[in-house]
Structure formats: C-alpha cells, structure tokens
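Q: Sequence below, structure please.
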Amino acid sequence: MPTPHWRLILNGKSAGDDDLREAVGRLRARGIAVEVRVTWEDGDAARYVGEAIADGAGTIVAAGGDGTLSEVATALASRDEAAGALPALGLVPLGTANDFASAAELPEAPDEALDLIASTPAHAIDLLRLQAKDRVHWAANLASGGFGTQVTVETPEGMKKLLGGLAYLLTGLARLGRIEPVEATLRGPDFQWRGGFIALGIGNGRQAGGGQALCPDARIDDGLLDVTVIPELSGDVAATLGTVLSEGKLAALERIATRARLPWLEIDAARPLALNLDGEPVEATRFRIDCVPRRVRMHLPRDCPLLVQPSLAA
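A: Okay, here's the model as predicted:
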C-alpha cells in the first residue's frame with residue numbers, strides 16, 4: 001500500500017502552535033507523510049494547493065479558521081479537475097470563531113482533528129459561488145450581510161484574540177444604537193423578497209460571526225442554499241433584545257425571519273452592500289450566488305449534522 005501523502009497548509013498566525021506540531025509528529029510516526037506549508041501573504045494558499053496537486057498529495061489539510069478553510073477550498077474549486085480527481089480536504093480548527101468547524105462538530109484538538117482525517121473517508125460537499133463585478137468568489141461556509149457583517153468587519157483583531165467569539169457579541173452590542181437597514185431585492189426560483197433588512201444569511205453552512213446561527217437547518221451536501229432574511233426591526237430595538245434574552249436568539253429570529261431554500265439567489269441593493277464570505281468582505285450592488293453541488297470532498301465526522309445523510313459518510 002502506498003504511503004499516504006498529505007500537505008498541511010497552516011495559517012501563519014498559528015505557526016507557533018505546539019499542540020499542532022506534536023500532532024503532526026505523531027501522524028508521521030504512524031507512516032503518513034505530512035509536509036507543512038505556512039501562509040504569509042495573499043495568494044500563498046492557492047500556490048500551495050497547486051504545488052500539492054502537482055506533487056500528487058492525496059489530502060490537503062487547512063489548519064486555521066474559516067478564512068483559511070475558504071482559501072484552500074477556493075483554490076481547489078477553481079481547478080478544472082472534477083472533485084473526484086482532486087485531493088480530499090481536511091480541517092484543523094485554529095481560528096477565532098471556527099464557525100464551520102463548530103457547526104460540523106469537528107474536534108478542537110489538533111491530534112483529534114488529524115486522526116479524524118486519517119480514519120474517516122471523505123464526503124462530497126457543496127460550495128457557495130458568488131459573482132460580483134465580473135469576479136467569482138467561493139466560500140465553504142456562509143455569506144452574510146447587514147448588521148452581522150459589519151460587526152465581523154469592525155471587531156478589532158486584538159479583541160478577537162483575547163475574547164474569541166465573545167468579541168463579536170461585544171462589538172455588536174456597541175453598534176445597536178446605529179443599525180441601518182439595507183434596502184435590497186432578493187430573487188430566486190419561485191422566490192422574491194423586497195425591503196430593508198438588518199441581517200442576511202446565505203448558507204452552505206449554518207453560522208457566522210462567532211456562533212450566530214443565521215441558517216440553522218443548512219446542509220452542505222443538499223445542492224441548495226439556505227437563505228435567511230432578518231427584516232428591518234419595527235418598534236423599539238430594546239423590545240427585540242428583550243425577546244432575545246427571555247426566549248433565546250433562535251426564538252427571536254423565528255418570529256421575524258424569512259427563510260427559503262434555493263439553488264441560486266440574486267441580490268440587487270439600492271447602495272453598495274458588503275457580503276462577508278468566510279471573513280472576506282465583497283462589496284457591490286448586484287450579486288449572483290449559486291450552490292455548486294459536490295464540488296470538493298471533505299473529511300467530516302461520521303455523524304456530522306451538516307450532512308443530509310450522515311451515516312453515509314462512514
């Protein structure tokens with residue numbers, strides 16, 4: 001049997017992670033050839049993915065947060081090869097929020113995450129493809145807009161390191177006095193919505209912004225986008241906050257949210273709108289978002305809640 005050949009692409013911010021270093025050493029002791037590449041600037045992840053494919057790597061592991069996962073998945077999705085001919089994708093969650101990993105119930109410890117990749121067959125998953133201003137962007141998790149996106153963009157990097165997901169909540173509370181709705185029209189097959197929204201989620205995955213479950217029922221292998229629109233708040237913001245505190249965030253969202261499940265969605269906004277794709281803000285007034293079915297293969301837990309039929313991932 002040939003020696004398994006892995007390429008681990010590590011976010012430079014986590015280059016000093018001793019737990020990961022030890023986990024890689026244990027993996028090599030088991031007979032798996034692991035080569036590590038550290039990202040330093042834009043374009044590194046794409047270049048490393050290209051090199052890994054040229055070298056015949058069977059698995060590419062993204063070690064970092066949602067942004068690192070998206071960079072590696074984007075590099076894979078941008079290739080001409082069919083998903084079955086590309087290396088499988090794995091994830092070691094080392095970021096601040098780790099929204100995709102959290103929703104997928106991936107192990108947090110590097111050795112457990114690497115062991116899952118080694119022991120669990122890869123499952124074909126969908127990716128989100130966004131077109132704006134004649135450019136194509138990809139995301140593995142979720143595109144979000146409105147209040148939540150602005151919170152993510154404005155949260156200081158130092159606060160993220162100190163407080164993790166709580167940093168997003170604190171920044172969000174600081175913004176409550178200046179929430180401005182975004183006027184837009186959303187269109188998809190047998191779906192149209194027009195008005196002002198304060199939050200928008202377009203999910204391949206379920207959550208963003210440090211645990212905000214905008215698309216709580218999304219699946220990453222159903223060939224569909226889960227769309228959630230939170231309309232402009234009527235009445236006092238404090239009343240809505242009261243609902244959040246007394247009944248929970250999901251209960252409050254269900255009271256006011258519009259939801260749809262679509263293969264594609266088009267957005268026309270009255271003024272430039274920023275959509276956050278796994279940490280990358282993309283600004284435009286017109287967007288086209290498609291779900292691209294089964295674009296990459298990924299190692300996930302056998303009972304991963306993001307899969308339509310988790311047992312088939314075994």
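Q: From the chain's centroid, how far away is stretch 32-47?
A: Here stretch 32-47 is found 19 Å from its chain centre; the criterion is CA atoms, centre = their mean, to the nearest Å.
Q: in that stretch, what counts as buried?
A: By 16 or more other CB atoms under 10 Å, the buried positions in stretch 32-47 come out as 32, 34-37, 39, 44-46. From N, CA and C alone the C-beta is placed, and that goes for glycine too.
Q: Check stretch 77-85 too.
A: 77, 79, 83.
Q: end to end, how far does that stretch reach?
A: From its first residue to its last, stretch 77-85 covers 12 Å (CA to CA, to the nearest Å).
Q: average model confidence for the lengthiest strand in the chain?
A: Looking across the chain with DSSP state E, the single longest strand is strand 280-299. Strand 280-299 comes out with an average pLDDT of 96.
Q: for stretch 217-235, same thing?
A: The pLDDT scores in stretch 217-235 average 88.
Q: What would it look like as CSV? C-alpha coordinates only.
A: Output for stretch 217-235, consisting of C-alpha atoms alone and laid out as CSV, is shown next (Å, rounded to 0.1, in the frame of the first residue of the first chain):
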residue,chain,number,x,y,z
ASP,A,217,-31.0,24.0,9.1
ALA,A,218,-28.5,24.3,6.3
ARG,A,219,-26.8,21.2,4.9
ILE,A,220,-23.6,21.1,2.9
ASP,A,221,-24.5,18.2,0.6
ASP,A,222,-28.1,19.0,-0.5
GLY,A,223,-27.3,21.1,-3.5
LEU,A,224,-29.2,24.1,-2.1
LEU,A,225,-28.6,27.4,-0.4
ASP,A,226,-30.4,28.2,2.8
VAL,A,227,-31.4,31.9,2.8
THR,A,228,-32.4,33.8,5.9
VAL,A,229,-33.6,37.4,5.8
ILE,A,230,-34.0,39.4,9.1
PRO,A,231,-36.1,42.4,8.1
GLU,A,232,-35.9,45.9,9.5
LEU,A,233,-36.9,46.0,13.1
SER,A,234,-40.3,47.5,13.9
GLY,A,235,-40.7,49.2,17.2
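Q: State the pLDDT value of Gln212.
A: Looking at Gln212, its pLDDT is 75.
Q: beta partners of it?
A: Applying DSSP bridges to Gln212 yields these beta-bridge partners: Ala208.
Q: And it, how far from Ala83?
A: Using CB to CB, to the nearest Å, Gln212 is found at 29 Å from Ala83.
Q: Over to Val292?
A: When Val292 is compared with Ala83 (using CB to CB), they lie 10 Å apart.
Q: Now Thr228: closest residue in space that isn't a chain neighbour?
A: Leaving out its chain neighbours, the residue that sits closest to Thr228 by CB to CB, 6 or more residues apart in numbering is Gly201, at 4.3 Å.
Q: Run through the bridge partners of the one you found.
A: Using DSSP bridges, the beta-bridge partners of Gly201 come out as Ser144, Thr228.
Q: okay, now it: neighbour count?
A: Other residues within reach of Gly201, judged by other CB atoms under 10 Å, total 31.
Q: for Gly223, same thing?
A: Gly223, neighbours per other CB under 10 Å, totals 14.
Q: how near is it to Pro216?
A: To Pro216, Gly223 is 19 Å away according to CB to CB.
Q: One more: Ser14?
A: Taking CB to CB as the measure, Ser14 and Pro216 are separated by 29 Å.
Q: same thing with Ala15?
A: Counting by CB to CB, the gap from Ala15 to Pro216 is 34 Å.
Q: before we move on, what about Asn98?
A: Taking CB to CB as the measure, Asn98 falls 17 Å from Pro216.
Q: cool, and Thr59?
A: Between Thr59 and Pro216 the distance, using CB to CB, works out to 30 Å.
Q: where exactly do the strands run in the protein?
A: Per DSSP E, the chain carries strands over the ranges 5-11, 33-39, 59-64, 88-93, 122-132, 135-139, 142-146, 182-188, 191-203, 225-231, 258-262, 264-277, 280-299.
Q: Packing partners of the first one?
A: So the one you mean is strand 5-11. If you count contacts as 3 or more CB pairs under 8 Å, 6 or more residues apart in numbering; DSSP states H and E, strand 5-11 packs onto helix 18-29, strand 33-39, helix 44-54, strand 59-64, helix 66-77.
Q: and the angle for the first one with strand 88-93?
A: The one in question is helix 18-29. Here helix 18-29 runs at 150 degrees with respect to strand 88-93, directions being taken by axes from the mean of the first three to the mean of the last three CA atoms, to 10 degrees.
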